[in-house]
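[1] Fold the following, please.
(chains A and B)
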There are 2 protein chains.
Amino acid sequence: MIGSVTAPAGFAAAGTTAGIKPSGKPDMALVVSEGPEFTAAGVFTRNKVFASPVKVSREVLADGTCQAVLFNSGNANACNGAQGDADAREAQALAAEQLGIDANQIAVCSTGLIGELLPMEKIRTGIGQLTADLGNDEAHAFAAAEAIMTTDTVAKEALVTREGWTVGAMGKGVGMMAPSLATMLVVVTTDASASKEALDAALRRATAVTFDTLDIDGSTSTNDTVIVLANGASGVTPSQDELDEAIHAVCADLAAQMQADAEGVTKRVTITVTGTEDDAQALNAARTIGRDNLFKCAMFGSDPNWGRTLAAVGMADAAMDPENITVSFNGQPVCVASAGAPGARDVDLSGADIAVEVDLGTGGPGTATVRTTDLSHAYVEINSAYST
Amino acid sequence: MIGSVTAPAGFAAAGTTAGIKPSGKPDMALVVSEGPEFTAAGVFTRNKVFASPVKVSREVLADGTCQAVLFNSGNANACNGAQGDADAREAQALAAEQLGIDANQIAVCSTGLIGELLPMEKIRTGIGQLTADLGNDEAHAFAAAEAIMTTDTVAKEALVTREGWTVGAMGKGVGMMAPSLATMLVVVTTDASASKEALDAALRRATAVTFDTLDIDGSTSTNDTVIVLANGASGVTPSQDELDEAIHAVCADLAAQMQADAEGVTKRVTITVTGTEDDAQALNAARTIGRDNLFKCAMFGSDPNWGRTLAAVGMADAAMDPENITVSFNGQPVCVASAGAPGARDVDLSGADIAVEVDLGTGGPGTATVRTTDLSHAYVEINSAYST
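    As a prediction, the model looks like this:
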């Protein structure tokens, strides 16, 4: 327990067991800002099919303010039609009433199975338990972090302290490999004072290079939500750079925890692409490699089958010189000018972390990094055995 | 043994063991047209990174004529730089010399590991064996089909007979799941007489709805090649419609054999998308679903977790009404207006064939079908267990 969301001044949290999960594990959480400021920003899933709580929370964050975030796990409240929207709004309203604040100041986040209606009787009971049990200590922060877990094996918390101000965060998510769960929910809290523009900019800059580049299997959930709450309780107004750095730090920390906890992962693979026209093309190429099941199978097999990297990147929507591609594994060149390098088949990939660097040979300035994992077990039994 | 490539009049074939495969299994094949006509067409991988034999064969097919196709398995001759090109051209020239025809009349196809130079001594020996053993009978056709197998578990042949003319075909490929092998090599032979324009049109129409819509894991190889040879030996000139139908028939037959033989497959899944603006958008949506690992895991688990279908299609580059999507499994509606249908969780998906129909709710005329498979075993052990 490191404190996380309640470490900054002026934040309270709670976690409880409302009985939503068949397992009987904790399944509801609440994070409340005590002000004096209620600046907030959020980023949400880009999936055209998004859950009711995403719809409701987008409305809450629209004006750049938010006082509390209500969570449930065990049910995504996605693809439930108008009833799903109504249930999300009822939970929001009930929490608002009990906290004595406006409903449009409460964001809601759900994670779990898609297509099942929320068990509202349990949700109502849970909200009562949460509002009655808010606390500022580490135990309450941990209880909240624990209550948003789904297939996560560990609770995920992060904390950075700066000169006179603090940023805490909690999150859940197992890369993108959770079975139609909301793959990622995060709330970041800070007692820094920040304009909504500064906070929004800091959050978007941080997520663009952390959560947005964590790509385990290319599956994007209906519920992804990242919300930051800044209450100014520290009296400190950091510069944009200071704010960017601190929010990036907690997001990067949580993203690394998610990658490490991805279901079935045995390797953490970092793919960096260079030598294409712009960063967007480099990101497309890195994602294309990171989503290729054959590449991922080779990683699981510790198989330096670099041909799969070329076969994968050749389908990317990125400018490249197909006869001048360079690939290195863990810093050792395995492919130069799109042909095998001496000793390429002997590179040791047995470690848990593998760095893949691909230069597309155009000489362009584009660069991007994606973090992914291997694809493990039986699907791999065939595909990882071939070239070794 | 059904004859396949040698069933049409005026075609000979051979298969042999040149020692390219460590397993000692047959690894070289040759299909020769005896004319009188040598009309031909070909389609090749869209991968920007393509193998040397693809480069050479594209040149051969450029003028719409081809007299023979030389194959090797066990080595893709891809990503071998200038030496790879030189080796492909040497094999082409040697076969041409021994067959007494122009080198630019011989297409070459390779399948196997990427990034290893062809063992040219073995290739040269194999070419001598092939040209000395050409035959018109079923045994020779089967020997050729067997010699192009890689991780295929069965040789793949097809044959249709029409009024006075015949179309035969052989192919290799295990969906798109082969470990950086050329996932698909096909040669189609016919004794029909056809213009190069008619033959090219028939081939492209056929591949567009057969091989091009077989998508097991989204990985596209560096070596994919489909070549059709028409020699007019039957003296029959079918209409365009007749030609289209017959070539489609053998391509559809081989594509179905490839889907059924895909590595690790336990389910054959057919995904049909309707209700979007045009067929291209429908194809994009069907591919997006068919490439989603979580959807595929659910199929393996016989789990009617329809929420994964919506989560997957929501990321497609296709017009849709996110609140009016309909999904049915094996003809039973599981999702109506983007919400669960009664009994959705009870649909029986235990059979080996699963039909998934998705309407994106725009009322548009777009429609497309993609055939894929499940994603089986350990990766699935986590992901297929969640909602059941």
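[2] Return the residues in contact with residue A:115.
    Going by CB atoms under 8 Å, 6 or more residues apart in numbering or on different chains, residue A:115 touches A:78-80, B:306-307, B:310, B:335, B:339-340, B:344. Where you see a C-beta, it was placed from the backbone N, CA and C, and this is true even at glycine.
[3] run the last query once more with 10 Å
    If you count contacts by CB atoms under 10 Å, 6 or more residues apart in numbering or on different chains, residue A:115 has them with A:75-81, A:84, A:180, A:222, B:305-308, B:310-311, B:334-335, B:338-341, B:344-345, B:387.
[4] quick check, it in a strand?
    No. Read with DSSP: H, G, I helix; E, B strand; the rest coil, residue A:115 is coil and lies in no strand.
[5] Give me the pLDDT for residue A:192.
    Note on residue A:192: pLDDT of 94.
[6] For chain B, see how far away it is.
    35 Å (CB to the nearest CB, to the nearest Å).
[7] Surely that residue touches residue A:247?
    Yes. Contact criterion CB atoms under 10 Å: residue A:192 and residue A:247 qualify, at 9.3 Å.
[8] Identify the contacts common to the two.
    Between them, residue A:192 and residue A:247 share these contacting residues under CB under 10 Å, 6+ apart: A:167, A:199, A:202, A:230, A:238.
[9] What angle do helix B:293-300 and the strand or helix carrying residue A:297 make with each other?
    Element membership for residue A:297 (DSSP states H and E) is helix A:293-300. Helix A:293-300 runs at 90 degrees relative to helix B:293-300, counting by axes from the mean of the first three to the mean of the last three CA atoms, to 10 degrees.
[10] In space, what's closest to the closest residue to chain B within the stretch 1-150 of chain A - neighbours in sequence excluded?
    As assessed by CB to the nearest CB, chain B sits closest to residue A:114 within the stretch 1-150 of chain A, at 2.7 Å. Leaving aside its sequence neighbours, residue A:114 sits nearest to residue B:307 (CB to CB, 6 or more residues apart in numbering or on different chains; 2.7 Å).
[11] What of residue A:130?
    residue A:30 (4.1 Å).
[12] Just the pLDDT for the one you found.
    We have a pLDDT of 97 for residue A:30.
[13] Tell me the bridge partners for it.
    residue A:14, residue A:70 (DSSP bridges).
[14] Do I have it right that it meets residue A:13?
    Yes. With contact defined as CB under 10 Å, residue A:30 counts as touching residue A:13 (6.6 Å).
[15] Which residue of those two possesses the greater neighbour count?
    More crowded of residue A:30 and residue A:13, by other CB atoms under 10 Å in any protein chain shown: residue A:13, with 32 against 27.
[16] was I right about the more buried one contacting residue A:140?
    Yes. Under the criterion of CB under 10 Å, residue A:13 makes contact with residue A:140 at 4.8 Å.
[17] Quick one, grab the pLDDT at residue A:156.
    Residue A:156 is assigned a predicted lDDT (pLDDT) of 89.
[18] so who does it touch?
    Listed by CB under 10 Å, 6+ apart, the contact partners of residue A:156 are A:4, A:145-146, A:148-149, A:169-174, A:186, A:253-258, A:260-261.
[19] Now intersect these with the helices, please.
    With helices taken from DSSP state H, the overlap with the contacts of residue A:156 comprises A:145-146, A:253-258, A:260.
[20] possible to save the residues you listed as a markdown table with neighbour count and distance to chain B?
    Formatted as a markdown table, the ones in helices among the contacts of residue A:156 follow (neighbours: other CB atoms under 10 Å in any protein chain shown; distance: CB to the nearest CB, whole Å):
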| residue | neighbour count | distance to chain B |
| --- | --- | --- |
| A:145 | 30 | 21 |
| A:146 | 22 | 19 |
| A:253 | 18 | 24 |
| A:254 | 26 | 21 |
| A:255 | 26 | 20 |
| A:256 | 16 | 21 |
| A:257 | 19 | 18 |
| A:258 | 27 | 15 |
| A:260 | 17 | 16 |
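[21] Can you tell me which of those residues comes closest to residue B:354?
    Distance to residue B:354 across those (CB to CB) is lowest for residue A:258, with 31.3 Å.
[22] Not counting its neighbours along the chain, what's nearest the closest one?
    Nearest residue to residue A:258, sequence neighbours excluded (CB to CB, 6+ apart): residue A:173, at 4.5 Å.
[23] got a list of what the one you found touches?
    Neighbour list for residue A:173: A:111, A:148-152, A:156, A:181-186, A:211, A:214, A:216, A:221, A:224, A:254-255, A:257-259, A:261-262 [criterion: CB under 10 Å, 6+ apart].
[24] buried residues in stretch A:60-80?
    Across stretch A:60-80, burial judged by 16 or more other CB atoms under 10 Å in any protein chain shown covers A:60-61, A:65-80.
[25] er, stretch A:317-337 I mean
    A:318-322, A:325-329, A:332-336.
[26] So which of those residues reach chain B?
    Counting by CB under 10 Å from any CB of the partner chain, A:318-322, A:325, A:327, A:334-336 from the buried residues of stretch A:317-337 sit close to chain B.
[27] low-confidence ranges in the stretch 1-150 of chain A?
    For the stretch 1-150 of chain A, the stretches with pLDDT under 70 are A:1-2.
[28] hey, where'd the strands end up in it?
    Taking DSSP state E, counting those that start in this stretch as the criterion, the stretch 1-150 of chain A carries its strands at A:11-16, A:28-33, A:39-44, A:68-73, A:106-111.
[29] follow-up on the earlier one: quick one: common contacting residues for residue A:30 and residue A:13?
    Residues touching both residue A:30 and residue A:13 (CB under 10 Å, 6+ apart): A:68-69, A:130, A:133-134, A:140, A:144, A:147.
[30] farthest-separated two in these?
    Spatially, the most separated pair among the shared contacts of residue A:30 and residue A:13 is A:69 and A:133, at 15.8 Å (CB to CB).
[31] hey, what's residue A:225 bridged with?
    Residue A:225 has these beta-bridge partners by DSSP bridges: residue A:44, residue A:185.
[32] That one and residue A:42 touch, don't they?
    Yes. Residue A:225 is in contact with residue A:42 according to CB under 10 Å; the separation is 6.6 Å.
[33] Quick check: neighbours shared by these two?
    If you check residue A:225 and residue A:42 against CB under 10 Å, 6+ apart, the residues they both contact are A:54, A:57-58, A:61, A:69, A:107, A:109, A:186-187.
[34] so can I have a markdown table of the residues you listed showing distance to residue B:280?
    Shown next, in a markdown table, are those (distance: CB to CB, whole Å):
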| residue | distance to residue B:280 |
| --- | --- |
| A:54 | 29 |
| A:57 | 34 |
| A:58 | 30 |
| A:61 | 35 |
| A:69 | 41 |
| A:107 | 38 |
| A:109 | 36 |
| A:186 | 36 |
| A:187 | 40 |
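[35] Name only those of those that count as buried.
    Neighbour-count burial (16+ other CB under 10 Å) is assigned, among these, to A:54, A:57, A:61, A:69, A:107, A:109, A:186-187.
[36] between those, which is closest to residue A:268?
    For these, the nearest to residue A:268 is residue A:186 (19.4 Å; CB to CB).
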